[in-house]
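>>> Can you look at this prediction? I've put the sequence above it.
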Amino acid sequence: MQIQVDPLTGPEIAALLREHLDEMHRISPPESVHALDLDRLRTPEVTFWSAWSDGELLGCIALKQLDRGHGEIKSMRTSVRHQRRGVASALLRHLLEEAQRRGYRQLSLETGTQPEFSAARTLYARYGFQTCGPFAQYAEDPHSAFMTRMLQPARQAPHAREQAR
């Protein structure tokens, strides 16, 4: 599996994100859908990755910078053909490593409370995310579950610390 920054221009990623948005609107009331469309993912504060194998799109994930030390996970989606094969875990590990490399102290996310989101909530909990209250622009919503995880900044190599002094 190759995970790469995605320019959000290919038809495969557009189709996967359309599938994602359609499902969010099928499950949740419109005011409780916080998934981003292509235009809102193409902003400077968002980095978007896609996972590929043999030319086939497996899934995607995005990291939105809320401030210098806090990021938000957005647009986590695995293609239906590749669910329960470790794609989401690989994408989440990749995003966690990048957040630590950037020096973020905290990562947060919003997901649904409906049964369709139970696998996502379980995955996030397995990676150390805990339930929290609304953050950033979010408000209390019975259809939203908020989770967060504190991070340790990436350790610098000894020579890098010496050069920084």
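Arrived safely, thanks for sending. Note that the coordinates shown come from a computational prediction; the quantities given were computed from them, not determined experimentally.
>>> Please list all residues in contact with the most centrally placed residue in the chain.
Nearest to the mean C-alpha position of the chain, by Cα atoms, centre = their mean, lies I73 at 3.1 Å. By Cβ atoms under 8 Å, 6 or more residues apart in numbering, the contact set of I73 is 61-64, 92, 95, 107-109. C-beta coordinates here come from the backbone N, C-alpha and C atoms, glycine included.
>>> cool, and Q114?
Here Q114 is in contact with 27-28, 143 (criterion: Cβ under 8 Å, 6+ apart).
>>> By neighbour count, which of these wins?
S28 (20 neighbours; other Cβ atoms under 10 Å).
>>> what are the ranges of the helices in this protein?
11-27, 38-41, 87-101, 118-126, 158-164 (DSSP state H).
>>> Ok, which of those helices comes nearest V80?
Smallest distance to V80 across the helices of the chain (Cβ to Cβ): 7.7 Å, for helix 11-27.
>>> ok, residues contacting that closest one?
6, 8, 33, 35, 37-38, 41, 50, 57, 59-60, 75, 77, 79-80, 112, 114, 116-117.
>>> Check which helices and strands the longest strand belonging to the chain sits against.
The residue-count maximum for a strand in the chain (DSSP state E) belongs to strand 56-67. If you count contacts as 3 or more Cβ pairs under 8 Å, 6 or more residues apart in numbering; DSSP states H and E, strand 56-67 packs onto helix 11-27, strand 46-53, strand 70-78, helix 87-101.
>>> Good, we can wrap up now.
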